[in-house]
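Participant: give me the fold of what follows.
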Amino acid sequence: MTEHSAADELTTRAGAAPAVSLAELSDRQAGERHVPVMLDRCLDLLAPAISKPGAVVIDGTLGMGGHSEAMLERFPELTLIGIDRDPQAHAIAGQRLARFGERFIPVHAVYDQIDYALEVAGVEHMDGILLDLGVSSMQLDERSRGFAYSYDAPLDMRMNSTDPLTAEIVVNEYSEEDLRRIIRSWGEEKFAGRIASKIVAARAKAPIRTTGELVKIIQSAVPVAAQRKGGHPAKRTFQALRIEVNHELEALERAVPAALKALALDGRFVAMSYHSLEDKIVKRALSTAATSTAPKGFPVELEEHKPTMKIITRGAEPPTEEEIAQNSRAASAKLRAAEKIKMEVA
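Facilitator: Predicted coordinates for the structure are as follows:
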């Protein structure tokens, strides 16, 4: 690799230039804006697999590079592959991690593209992978992205600004039935039917363009008594729209099995989820890989029936009270981890 920035390397390797000016960003900005969730616990779980010479780890949700920076600092012989679909994340993390030179390999992709990321890095397996799921602090804080319900912004919600589908398209063009299904399924919102009906009635008068307009519609649909508990009334609908726009759960369904398969023997998988839909997908995939496939009542467990993974956390681990006090966005985090104990039979 020649002497140039990690952001330039992203353009060379993945064919996607950052969407923001690096002159507007700094290491100090990234460090101040992002407190990595459950950082020490993540690194301790990964350490047995990635502290050895020549180890390779994937940060499947690079974001602003907080977890990646900590891994590269703590494990001086580690090579890290940073995956993110967001060009702005690559711009910020690329600048922050440029000092690590060839040890940091950025890849512009979705986290289910594990094989592609390994191909870019020129390796067949990785020794560890970290997935910090959901929307990033950067995306929530950038008003123009339209992820947050706390201020008015265009209805966008794309993690990759070049993707065609936006929240505005979903809100204004999806049928009432599809809106109800999405809000109920992805947002686990019990007032999904009322919200979908109100959206359709409102857009019949004029297109819904901003988050502020949508919040008012949602507030008019949710009973006042229900708005006094359970957080902001728009929270679950915004989650549902974000998941739909970015196909998050479909990507996660593919990502976890792909990650487990690509792990080297003794490699470790760590994932943090922020709502039950994510956690269920991670839990199910780990449970499947950690369970024998021998037929029920089979007298002998053959080698090909033995599980490939061993779960190393007891259920889903929550953050400590101290971590929540330092970073309120960690409150809903659930961490699960597993270790590769057998390679798949070809």
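
Participant: can you map out the strands along the stretch 101-250 of the chain?
Facilitator: Along the stretch 101-250 of the chain, counting by DSSP state E, counting those that start in this stretch, strands occupy 104-108, 126-132.

Participant: quick one, which of those strands is nearest to Ile341?
Facilitator: Minimum separation from Ile341 across those (CB to CB) falls at strand 126-132, 14.0 Å. Where you see a C-beta, it was placed from the backbone N, CA and C, and this is true even at glycine.

Participant: what helices or strands is the closest one leaning on?
Facilitator: helix 39-50, strand 56-59, helix 66-74, helix 248-262, strand 263-273 (3 or more CB pairs under 8 Å, 6 or more residues apart in numbering; DSSP states H and E).

Participant: highest average neighbour count across the ones you listed?
Facilitator: Mean neighbour count (mean count of other CB atoms under 10 Å) peaks for strand 56-59 among the helices and strands packed on strand 126-132, with a mean of 26.

Participant: tell me the confidence at the residue positioned nearest the centre of the chain?
Facilitator: The residue lying closest to the centre of the chain (CA atoms, centre = their mean) is Leu133, at 2.7 Å. Note on Leu133: pLDDT of 92.

Participant: ok, and what's touching stretch 208-220?
Facilitator: The list of residues contacting stretch 208-220 from outside it, by CB atoms under 8 Å, 6 or more residues apart in numbering, reads 146, 148-149, 151-155, 168, 171-172, 195, 198-199, 202, 227, 233-234, 237-238.

Participant: can I get it in PDB, CA atoms only?
Facilitator: The C-alpha trace of stretch 208-220 is given here as PDB (Å, rounded to 0.1, in the frame of the first residue of the first chain):
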ATOM      1  CA  ILE A 208     -45.000  14.500   3.500                       C
ATOM      2  CA  ARG A 209     -41.400  15.800   3.100                       C
ATOM      3  CA  THR A 210     -39.900  16.200   6.600                       C
ATOM      4  CA  THR A 211     -39.400  14.400   9.900                       C
ATOM      5  CA  GLY A 212     -41.300  17.200  11.700                       C
ATOM      6  CA  GLU A 213     -44.400  16.700   9.500                       C
ATOM      7  CA  LEU A 214     -44.300  13.000  10.100                       C
ATOM      8  CA  VAL A 215     -43.900  13.400  13.900                       C
ATOM      9  CA  LYS A 216     -47.000  15.500  14.000                       C
ATOM     10  CA  ILE A 217     -49.000  12.900  12.100                       C
ATOM     11  CA  ILE A 218     -47.800  10.100  14.400                       C
ATOM     12  CA  GLN A 219     -48.700  12.200  17.500                       C
ATOM     13  CA  SER A 220     -52.200  12.700  16.100                       C
END
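
Participant: for that stretch, which positions count as buried?
Facilitator: Of the residues in stretch 208-220, Ile208, Thr210, Thr211, Glu213, Leu214, Val215, Ile217, Ile218, Gln219 count as buried by neighbour count, 16 or more other CB atoms under 10 Å.

Participant: what's the ChimeraX line that selects buried ones from the contacts of stretch 208-220?
Facilitator: Only the buried entries of the contacts of stretch 208-220 go into this ChimeraX selection, using 16+ other CB under 10 Å:
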select :146,148,149,153,155,168,171,172,195,198,199,202,233,234,237,238
